[in-house]
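Trainee: Just the structure for this:
(one chain, ligands or ions: 1)
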Amino acid sequence: MTTIAIIGAGRGLGAAVARRFGREGFTIALVARNRDRVDALAAGLQADGVTARGYVADVRDADSLRAALEDATSDLGPIEVVQYSPLPAKEYMRPVLETTADDLVGPIEFSVYGPVTVVRQVLPGMRALGRGTLLFVNGASAVRPRDAVTGTSIGFAGESAYAQLLHEALAAESVHVGQLIIPFGIDDGDPDHSGTAVAERLWAMHAERGACRVLAARLD
Ligand SMILES: NC(=O)c1ccc[n+]([C@@H]2O[C@H](COP(=O)([O-])OP(=O)(O)OC[C@H]3O[C@@H](n4cnc5c(N)ncnc54)[C@H](OP(=O)(O)O)[C@@H]3O)[C@@H](O)[C@H]2O)c1
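Mentor: Residues are numbered from 1 along each chain as shown. Model (predicted):
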């Protein structure tokens, strides 16, 4: 049995993806900042027969991220799949003319340094396993920068470039890299927008290993 590490695992998409991959026999490492919340999520999965454990890390703190992934590997076994999907902070979402260089430190650490730290930590294990999947999840501003969310637009642009470059560099090594763009609110009432429906898309990206970028819905 191998493990999916969900980086930024909460009650929405994180929990839905944990259930989807759990159904396929994956063990689940749930990574986020709040110990009580990841433990509660893990307990809910365990109650449904899925092996899951919570780990505490802040994606803006590289040491905590590396330690969480190391602990997950030694507790649960090799990490075959990583999903990078922490929910960006409101403070990253300011208009461009009000955004200073200092305001971009958070979004860049969150959306660029975090992914690079994670990938460099898990890639040796995926290579040893002979396969792996790296999934990045973003909103529409990754594709169409939007004034109201300048920090995330700029951070997501860096994350998008990194995902695309990884996709090309790792294709020959059986490590699939995908980026899912979600241009709607998760669980906004439309059944196609439920966390469960989005988790299904992410499962298909892992299982079918198609193009790098996948749109969860048409961009208007
Ligand atoms: N929600 C939407 O409507 C929507 C729309 C489009 C795209 N997305 C994408 O979907 C993903 C999120 O899905 P979701 O909204 O359903 O969230 P979720 O899986 O319910 O929760 C995400 C978790 O990220 C964790 N997180 C936030 N900042 C973090 C940090 N610095 N370090 C570690 N963990 C952190 C939070 O837990 P802690 O507070 O415990 O750290 C939070 O519970 C993101 O990739 C987002 O870009 C969401």
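Trainee: Quick check: beta-bridge partners of the residue lying closest to residue 170 once chain neighbours are set aside?
Mentor: The shortest distance from residue 170 to any non-neighbouring residue, by C-beta to C-beta, 6 or more residues apart in numbering, is to residue 177 (5.9 Å). Every C-beta, even on glycine, is put in place using the N, C-alpha and C of the backbone. Assessed by DSSP bridges, residue 177 has beta-bridge partners residue 134.
Trainee: quick one: residue 177 and residue 134 touch, right?
Mentor: Yes. The criterion here is C-beta atoms under 8 Å, and residue 177 meets it with residue 134 at 4.7 Å.
Trainee: rewinding a little: count of neighbours near the residue nearest to residue 170?
Mentor: 23 (other C-beta atoms under 10 Å).
Trainee: Let me see the contact set for residue 151.
Mentor: 88, 91-94, 99, 103-104, 106-107 (C-beta atoms under 8 Å, 6 or more residues apart in numbering).
Trainee: Closest one to the ligand out of those, please.
Mentor: Taking C-beta to the nearest ligand atom as the measure, the ligand sits nearest to residue 88 out of these, at 5.9 Å.
Trainee: Pull up the residues of the chain that are close to the ligand.
Mentor: Where the chain comes near the ligand, counting by C-beta under 6 Å from any ligand atom, the residues are 8-14, 32-34, 37, 57-60, 85-88, 137-139, 182, 185-186, 195.
Trainee: are any of these buried, and which?
Mentor: 8-10, 12-14, 32, 37, 57-60, 85-86, 88, 137-139, 182, 186, 195 (16 or more other C-beta atoms under 10 Å).
Trainee: any idea of the pLDDT on the residue nearest the centre of the chain?
Mentor: Geometric centre of the chain, nearest residue: residue 84, 1.7 Å, by C-alpha atoms, centre = their mean. Note on residue 84: pLDDT of 98.
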